[in-house]
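Asks: Sequence and predicted structure, then a few things I'm wondering about:
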Amino acid sequence: MSTHKNRTVMAEINMVPFIDITLILLIIFMVMSPMLVQMQMTVDLPKSQAINTQAEDDVIRIEVQKDGTISVMNKKLTLKNLERELILRMGKASKKTILVQADKDVPIQQVVDVFDIAKKLGAAKLGIGVLSKN
């Protein structure tokens, strides 16, 4: 007596290897992403040949040095005193432009802090100054 079993062709795709590879790639990306975030990119500030056409009395120049010193129109201040100085310089006119010129080694957070103070006081325009080409 012979028994015949019905043999059928399996028509389904085995998804287990695909899922394994996907999970391995996910783990690799999860391990690599903190390392990529910690890498720092060095950026050289651009140089410009354009001439500033805006009137000088409408512009308040703020310089940020790499040691944390802030100068407003050549008057040295700290970040705490910057808000009071800008209030005095801006007065009631909200049409003032704030131009921040930072040393290229200054952490970006210091520049953002200066922008936050200027925006809070209602500056009409905010800008970043660059060095002139020589």
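Replies: That came in fine, so what should we check first?

Asks: now the helix or strand hosting Ile27: mean pLDDT?
Replies: For Ile27, the host element (DSSP states H and E) is helix 16-38. Taken as a whole, helix 16-38 carries a mean pLDDT of 89.

Asks: Any idea how far it is from the middle of the chain?
Replies: Relative to its chain's centre, helix 16-38 lies at 26 Å (CA atoms, centre = their mean, to the nearest Å).

Asks: likewise stretch 100-110?
Replies: In terms of CA atoms, centre = their mean, the centre of stretch 100-110 is found 11 Å from the chain centre.

Asks: got the contact list for it?
Replies: 43-45, 61-66, 68, 79, 111, 114-115, 118, 126-130 (CB atoms under 8 Å, 6 or more residues apart in numbering). Placement of C-beta: from N, CA and C, glycine included.

Asks: repeat that for 7 Å
Replies: Residues from elsewhere that reach stretch 100-110 (CB atoms under 7 Å, 6 or more residues apart in numbering): 44-45, 61-66, 68, 111, 114-115, 128-129.

Asks: Just the buried residues of it, please?
Replies: Val100, Gln101, Ala102, Val106, Gln110 (16 or more other CB atoms under 10 Å).

Asks: So which of those residues sit within strands?
Replies: Val100, Gln101, Ala102 (DSSP state E).

Asks: Closest to Arg84 out of these?
Replies: Nearest to Arg84 out of those is Val100 (CB to CB; 17.5 Å).

Asks: Residues in a beta bridge with the closest one, which ones?
Replies: Val100 has these beta-bridge partners by DSSP bridges: Ile62, Ile128.

Asks: quick one on the thing from earlier: only alpha carbons, please: show the helix holding Ile27 as CSV.
Replies: Taking C-alpha atoms only, helix 16-38 is exported to CSV below (Å, rounded to 0.1, in the frame of the first residue of the first chain):
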residue,chain,number,x,y,z
VAL,A,16,12.0,36.4,8.3
PRO,A,17,15.3,37.2,6.5
PHE,A,18,14.0,40.5,5.3
ILE,A,19,12.9,41.5,8.8
ASP,A,20,16.3,40.4,10.2
ILE,A,21,18.2,42.6,7.7
THR,A,22,15.9,45.5,8.4
LEU,A,23,16.4,45.3,12.1
ILE,A,24,20.2,45.0,11.8
LEU,A,25,20.3,48.1,9.6
LEU,A,26,18.1,49.9,12.2
ILE,A,27,20.5,49.0,15.0
ILE,A,28,23.5,50.2,12.9
PHE,A,29,21.8,53.6,12.2
MET,A,30,20.8,53.9,15.9
VAL,A,31,24.4,53.4,17.0
MET,A,32,25.9,55.6,14.3
SER,A,33,23.6,58.7,14.6
PRO,A,34,24.9,59.9,18.0
MET,A,35,28.5,59.7,16.6
LEU,A,36,27.4,61.8,13.6
VAL,A,37,25.8,64.4,15.7
GLN,A,38,28.9,64.8,17.9
